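J.: Sequence first, then the predicted structure:
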Amino acid sequence: MSQSTQPVVSTGEQVANIRRRGSTSFNQSKTRLAWFLLTPTLILIAFIAVYPLLQTVYESFTDARLASGVAPKFVGLDNYRFLLTDEAFRTSIWTTIKITMKRNNKKGWVKQERGRQ
């Protein structure tokens with residue numbers, strides 16, 4: 001008995017599916033390699049940027065003084081309460097906002113109504 005063999009014909013969709021399957025594993029390996037190479041850099045950035053930020057937030061809740069040699073005590077929100085009631089702090093913040101607005105206005109970033117200064 002002889003079997004008649006028909007030529008195998010692939011449709012465009014079948015070819016596309018085969019290509020997608022092959023490229024998926026290739027893309028996954030590229031993605032894994034990218035994360036493998038990025039991980040040391042991300043850890044370094046976290047150590048350089050995030051650690052000092054967290055340390056600053058922690059120290060803002062203490063009465064620490066630079067180079068005093070005295071162990072800091074936890075004071076909670078007292079430092080922030082002091083800032084909110086300190087006239088010099090509020091004046092300096094308001095001055096900074098005004099200077100920033102004037103500087104940005106000269107560059108055309110902030111539009112004001114005509115006749116207002």
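T.: Here it is on my side, so go on.
J.: how far does stretch 47-65 stretch from start to finish?
T.: End-to-end distance for stretch 47-65, by C-alpha to C-alpha, to the nearest Å: 24 Å.
J.: same question for it, mean pLDDT?
T.: Averaging pLDDT along stretch 47-65 gives 91.
J.: same thing with stretch 87-99?
T.: Mean pLDDT, stretch 87-99: 93.
J.: contact partners of that stretch?
T.: residue 83 (C-beta atoms under 8 Å, 6 or more residues apart in numbering). From N, CA and C alone the C-beta is placed, and that goes for glycine too.
J.: Pull it out as CSV, backbone CA atoms only.
T.: C-alpha atoms of stretch 87-99 as CSV (Å, rounded to 0.1, in the frame of the first residue of the first chain):
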residue,chain,number,x,y,z
GLU,A,87,8.1,82.9,62.3
ALA,A,88,11.6,82.8,60.8
PHE,A,89,10.9,79.4,59.1
ARG,A,90,7.6,80.6,57.7
THR,A,91,9.2,83.8,56.4
SER,A,92,12.0,81.9,54.7
ILE,A,93,9.6,79.4,53.0
TRP,A,94,7.4,82.3,51.8
THR,A,95,10.5,84.2,50.5
THR,A,96,11.7,81.0,48.7
ILE,A,97,8.3,80.6,47.0
LYS,A,98,8.3,84.3,45.8
ILE,A,99,11.8,84.0,44.4
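J.: for that stretch, the distance to its chain's centre please.
T.: Its chain's average C-alpha position is 28 Å from that of stretch 87-99, according to C-alpha atoms, centre = their mean, to the nearest Å.
J.: swap in stretch 70-82?
T.: Distance, centroid of stretch 70-82 to centroid of chain: 28 Å (C-alpha atoms, centre = their mean).
J.: Stretch 85-104 now?
T.: For stretch 85-104 - counting by C-alpha atoms, centre = their mean - the centre lies 26 Å from the chain centre.
J.: Could you check that stretch and say which residues are buried?
T.: By 16 or more other C-beta atoms under 10 Å, stretch 85-104 has no buried positions at all.
J.: what about residue 96, distance to residue 102?
T.: Distance, residue 96 to residue 102, using C-beta to C-beta, to the nearest Å: 11 Å.
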